[in-house]
Each structure stands twice: as structure tokens, then as C-alpha cells.
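[1] Give me the fold of what follows.
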Amino acid sequence: MKRVTTVLGLGLMFLAGCALYRPVRGSSLEVLTRSGSSLLTELSPQDAARTLVEQFGKRGFQIADRRERTAGEVILTFKGSRTKVDVRDGSGTGLVNEIGSVFFAQISTAGGTTRAFLFGKPALDGRMNCNEAELGASLTRDPCDPVEVEIGSPASWRMTGQEEAEVIQSIALELEVAGVARRPPGQHRVASQRP
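    This next block holds a predicted model:
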């Protein structure tokens, strides 16, 4: 019995000293529906792209890539840093993680209306998470990395997709108020995320 208690005690001490990690799978689509992530406008695709570059730039996200996927369809990529999180432990060792976001804007036109689908993912130290199941790999060109964060850490709280959804929603609302764009009809927030 003493041997079992000792082994159990050593196992618990080992686990207490080890951090538990979880993969980051968050994205703006955890919060916003496709309808809530889309904008419709009468602007040309080029003017819509310029407007989005300006809107993301005002929020600290610079254009990092532009590519044409098919005739008349353009994908813009925006990247930026949101915050730095100190994850040093009491011993003075550890890291400062940079938490950022990667956004994709898929711009297409049909019937004289330009549609922009906006999608955002959290990034840790410049690495965006792998969560292509929502979209296929259709929007992303950069390789993704399996990003993991310590459960309960300040970094994990900022890697859910909520902050990316807030950026997308603020851009949509600003363009709606200005009369430049509108969101398609339908539910804009995922049911489990409604206030």
C-alpha cells in the first residue's frame, strides 16, 4: 500500500509541475455566422478592396498579401499584433508571447453587387492556427502551424476568435452607418454567442 501511495504521490507531483496545453482552434466563425461576416456593396471590387485596406489599417492590421484566386475574385490577407502577454514563471524563465490576428477578405462580384466575406484567426508569435475545416484551405496560402496554448493562461483567453469577430463586426457596422455597405439578411451571431 505504501508503494502505491508513493507512486501516486510522485505522479501527482509530476502533473502539478507540468502545464496542460490545448490546441488553438478559434476563429471569427465561432462567433459570427457567414452572413454576419459578409458585406454587400455597390462599390467596384477594387474600391471595396481599398475600403477594406483602410478599415483594417485603422485598426492596426496591415495588408500582407493580395492574390486573385479566380477571375473576378480577390483574396486580401491582413496581419497585425494585438497584445503581448508575459508568461514568465516565478523563476524568471519563460517567454513573452505576441498575440495577433490574421484576417482574410474574399472579394467577389455578381450581378453588379460586390460581396466581401471576412474571416479572422488568432495568431501566436506570428503563427496562425490550423483550423481550415471551416473553409477548406481556400482562403489561406501561408502554411498554418498547430498552435497550442497553456490552459487557463492569459494567452488562451485571447485565442478564441472573439476579438477577431469584434474587429469584423466593427468594420461592418462602420461601413453600414456610412452607407457604404450592408450585411445580408439573416442571423449575424452564432446562436450560442448571443448576449
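[2] give me the element the residue nearest the centre of the chain is part of.
    Nearest to the mean C-alpha position of the chain, by Cα atoms, centre = their mean, lies residue 121 at 1.7 Å. According to DSSP states H and E, residue 121 maps onto strand 113-124.
[3] What is that strand packed up against?
    For strand 113-124, the packing partners by 3 or more Cβ pairs under 8 Å, 6 or more residues apart in numbering; DSSP states H and E come out as strand 38-41, helix 45-58, strand 96-110, helix 162-177. (Glycine included, C-beta is placed from N, CA and C.)
[4] Go through those and find the least confident stretch.
    Within the helices and strands packed on strand 113-124, confidence is poorest for strand 96-110, with a mean of 88 (mean pLDDT).
[5] May I see the buried residues of that one?
    For strand 96-110, the neighbour count (16 or more other Cβ atoms under 10 Å) marks 97, 99-109 as buried.
[6] cool, stretch 20-34 as well?
    Residues 24-33 are the ones in stretch 20-34 that count as buried (16+ other Cβ under 10 Å).
[7] Over to stretch 117-134?
    Buried residues in stretch 117-134, defined by neighbour count with 16+ other Cβ under 10 Å: 117-124, 127-131.
[8] List the buried residues for stretch 59-67?
    Neighbour counts over stretch 59-67 (16+ other Cβ under 10 Å) mark 59, 61, 63 as buried.
[9] Same list, the buried residues of strand 96-110, but as CSV with distance to residue 169 please.
    Formatted as CSV, these follow (distance: Cβ to Cβ, whole Å):
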residue, distance to residue 169
97, 25
99, 19
100, 18
101, 13
102, 17
103, 12
104, 16
105, 14
106, 17
107, 18
108, 21
109, 23
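[10] Select, from these, the two members most distant in space.
    Within the buried residues of strand 96-110, 97 and 109 form the most distant pair, 39.4 Å apart (Cβ to Cβ).
[11] Out of the buried residues of stretch 20-34, which comes closest to residue 187?
    The nearest member of the buried residues of stretch 20-34 to residue 187, counting by Cβ to Cβ, is residue 33 at 5.5 Å.
[12] For the residue nearest to the closest one when sequence neighbours are not counted, what are phi and psi?
    Of all residues beyond its chain neighbours, the one nearest residue 33 is residue 187 (5.5 Å), with distances taken as Cβ to Cβ, 6 or more residues apart in numbering. Phi and psi for residue 187, reported as degrees, to the nearest 10, are phi -70, psi 130.
[13] Residue 187 and residue 36 touch, don't they?
    Yes: under the criterion of Cβ atoms under 8 Å, residue 187 makes contact with residue 36 at 7.2 Å.
[14] Between those two, point out the one with more neighbours.
    residue 36 (22 against 12; other Cβ atoms under 10 Å).
[15] Can I take it that that one is in a helix?
    No: using DSSP: H, G, I helix; E, B strand; the rest coil, the secondary structure at residue 36 is coil, not a helix.
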